[in-house]
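A.B. asks: Okay, here's the prediction I keep looking at, along with the sequence it came from:
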Amino acid sequence: MGTSADYKYEHHLIYYKATCVTNCFQVGVEQTPATETELMGDAYPNPASDNQSVIVPLNITTSNARFTVKNILGQVVLSYDNLSVGKQDITINTQHLASGLYLYALEAGNTVITKKLSVTK
């Protein structure tokens, strides 16, 4: 009889354990990175008018994600820190924003996604 060996594989919250007796082979789960569209959708409506709420759909895959809205000068006008993992919508109220171009961004782990939002009044 062959030798016995234990192998452990960890992938996020999934735990695998296998025991190999003879003719061992390697197994694994390949994770493809999420595309930008899967992490942060487009704001709607865009362009937005006065006193309108803009919705940005998010799918957070890592903890400590951050969502910011900056004016064209790079000043942060809205910020959500430590977003929880999962699907959620961010609501941007345009009532206090001047007409112009804004950049909204999602920072999650090593990924930064930035998109444009236009506000007209």
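C.D. replies: That came in fine, so what should we check first?
A.B. asks: Strands of the chain, residue ranges please.
C.D. replies: If DSSP state E is used as the criterion, the strands of the chain fall at 5-11, 14-20, 48-49, 53-60, 65-71, 76-83, 86-93, 100-108, 111-120.
A.B. asks: Specify the beta-bridge partners of the spatially closest residue to residue 117 that is not a sequence neighbour.
C.D. replies: The shortest distance from residue 117 to any non-neighbouring residue, by Cβ to Cβ, 6 or more residues apart in numbering, is to residue 102 (4.5 Å). The C-beta positions use only the backbone N, C-alpha and C, and glycine is treated the same way. On the basis of DSSP bridges, residue 102 is bridged to residue 71, residue 117.
A.B. asks: what does residue 111 give?
C.D. replies: The partner residues for residue 111, given DSSP bridges, come to residue 108.
A.B. asks: any idea how far it lies from residue 85?
C.D. replies: 14 Å (Cβ to Cβ, to the nearest Å).
A.B. asks: quick revisit: how about JSON lines for the strands of the chain, with mean pLDDT, mean neighbour count and distance to residue 40 added?
C.D. replies: Converted to JSON lines, these look like this (pLDDT from 0 to 100; neighbours: other Cβ atoms under 10 Å; distance: least, Cβ to Cβ, whole Å):
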{"stretch": "strand 5-11", "mean pLDDT": "53", "mean neighbour count": "10", "distance to residue 40": "24"}
{"stretch": "strand 14-20", "mean pLDDT": "53", "mean neighbour count": "11", "distance to residue 40": "25"}
{"stretch": "strand 48-49", "mean pLDDT": "86", "mean neighbour count": "17", "distance to residue 40": "17"}
{"stretch": "strand 53-60", "mean pLDDT": "81", "mean neighbour count": "18", "distance to residue 40": "6"}
{"stretch": "strand 65-71", "mean pLDDT": "92", "mean neighbour count": "18", "distance to residue 40": "8"}
{"stretch": "strand 76-83", "mean pLDDT": "90", "mean neighbour count": "13", "distance to residue 40": "11"}
{"stretch": "strand 86-93", "mean pLDDT": "86", "mean neighbour count": "12", "distance to residue 40": "9"}
{"stretch": "strand 100-108", "mean pLDDT": "90", "mean neighbour count": "18", "distance to residue 40": "5"}
{"stretch": "strand 111-120", "mean pLDDT": "89", "mean neighbour count": "15", "distance to residue 40": "5"}
